[in-house]
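In: kindly return the folded structure for what I paste below:
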Amino acid sequence: MEILSSVRNEPTLLPLSLRTQSLYLTIYAFASVLLLNIFFLAIIRFNNKSKIKLRDDIHSIKNSYQATNFCVNLSLGLYGLYTWILVVPGLYTIPAPDKIIGFHEYVPFSAAQLGYNIWSIPMGVFIIGESKAMIGHHVAAFIISFLASFFTIGYRYYSPFFLGFYELSSVPLAIMNSFKNNREWANANSPISFVVAKVLFAVFYLVIRVFLGTPQMYDNMRIATLLFISCETNSCRFMVSIFTVLGYFMALLQYVWGYMVVSGLYQVYKGKPDTKRDTKNEKKD
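Out: The predicted model follows:
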């Protein structure tokens, strides 16, 4: 507790130079994702020779949405995997204060997530029709990324794993959702592909987000809780509680979705695809 007390004496915001860097990276990430989505949408509509007005062509919009998610998830996932394995120090070798306020070099992860979620939240709410749980997930990721990008208390040590490597588990999910959006084509050309994508997603999700993610979540939330308890002012408690509450929410969501993934995997094993569950959970990135 005495060690964590040093964190409370730090300034609220990161230095101006780092905040400026975060802002530029966020704008760059948002613009890149937006242009990538427009590119995929144009290609898909051109190949389909669609005569429908863009605002009514939901099928093409959903396909371009999944293609964009695939690219973003793959890029962040591989970048996070590389950084987590080769660069990030061991989980139990770094003092808690450094995990909380240090590792400014990992700001690109939070800025990239910030830019991505500025695009994905409006898309999910107004166009794609994502579930409430998924919208909550994106909003929580947005707030956590915002704190890590601009505030001193940002828990950036965990960014390569949670904001990078985590996304690798969503690569098979983007493929699986693409098959869902194109059921007729998938059934006619490769009926087994959807099942393969579903099994791969389950394996990736359980290994990355549950098996490898549990020690990271435990350490992160342990430190966040201790810091909240050690706060002596309401302003400190307010700032720290935002991350702590969102952290517990995200952790709980991973395990709830993990249970659903295992249930879906069991249905595949029994040869009874859970179409109702598939419809409710089209995307967990």
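In: low-scoring stretches of the stretch 1-150 of the chain, by residue?
Out: Within the stretch 1-150 of the chain, the stretches with pLDDT under 70 are 1-3, 50, 55.
In: got the buried residues for the longest helix belonging to the chain?
Out: Longest helix in the chain by number of residues (criterion: DSSP state H): helix 234-270. Buried residues in helix 234-270, counted by 16 or more other Cβ atoms under 10 Å: 236-237, 239-240, 242-244, 246-247, 250-251, 253-254, 257-258, 260-261, 264-265, 267-268. In short, each C-beta sits where N, CA and C put it, glycine included.
In: for that helix, packing partners?
Out: helix 132-150, helix 191-205, helix 213-230, helix 275-280 (3 or more Cβ pairs under 8 Å, 6 or more residues apart in numbering; DSSP states H and E).
In: need these in JSON lines (columns: distance to Leu16).
Out: Shown next, in JSON lines, are the helices and strands packed on helix 234-270 (distance: least, Cβ to Cβ, whole Å):
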{"stretch": "helix 132-150", "distance to Leu16": "10"}
{"stretch": "helix 191-205", "distance to Leu16": "39"}
{"stretch": "helix 213-230", "distance to Leu16": "25"}
{"stretch": "helix 275-280", "distance to Leu16": "45"}
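In: nearest to Leu168, of these?
Out: helix 191-205 (6.6 Å; Cβ to Cβ).
In: circling back: so which of the helices and strands packed on helix 234-270 is the most surrounded?
Out: helix 132-150 (a mean of 20; mean count of other Cβ atoms under 10 Å).
In: which strands and helices lie in contact with the next helix or strand after that helix?
Out: Using DSSP states H and E, the helix or strand that follows helix 132-150 in sequence is helix 159. Packed against helix 159, as judged by 3+ Cβ pairs under 8 Å, 6+ apart, are the following elements: helix 107-122.
In: can I get the helix it packs on as CSV, trimmed to CA atoms?
Out: The C-alpha coordinates for helix 107-122 follow below in CSV (Å, rounded to 0.1, in the frame of the first residue of the first chain):
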residue,chain,number,x,y,z
VAL,A,107,0.5,4.2,-26.0
PRO,A,108,0.1,3.2,-29.7
PHE,A,109,-2.0,0.2,-28.6
SER,A,110,-4.5,2.4,-26.6
ALA,A,111,-4.6,5.1,-29.3
ALA,A,112,-5.2,2.5,-32.0
GLN,A,113,-8.1,1.0,-30.0
LEU,A,114,-9.4,4.5,-29.4
GLY,A,115,-9.5,5.3,-33.1
TYR,A,116,-11.0,1.9,-33.9
ASN,A,117,-13.8,2.2,-31.4
ILE,A,118,-14.7,5.7,-32.5
TRP,A,119,-15.5,4.0,-35.8
SER,A,120,-17.0,0.7,-34.5
ILE,A,121,-19.4,2.1,-31.8
PRO,A,122,-21.5,4.2,-34.2
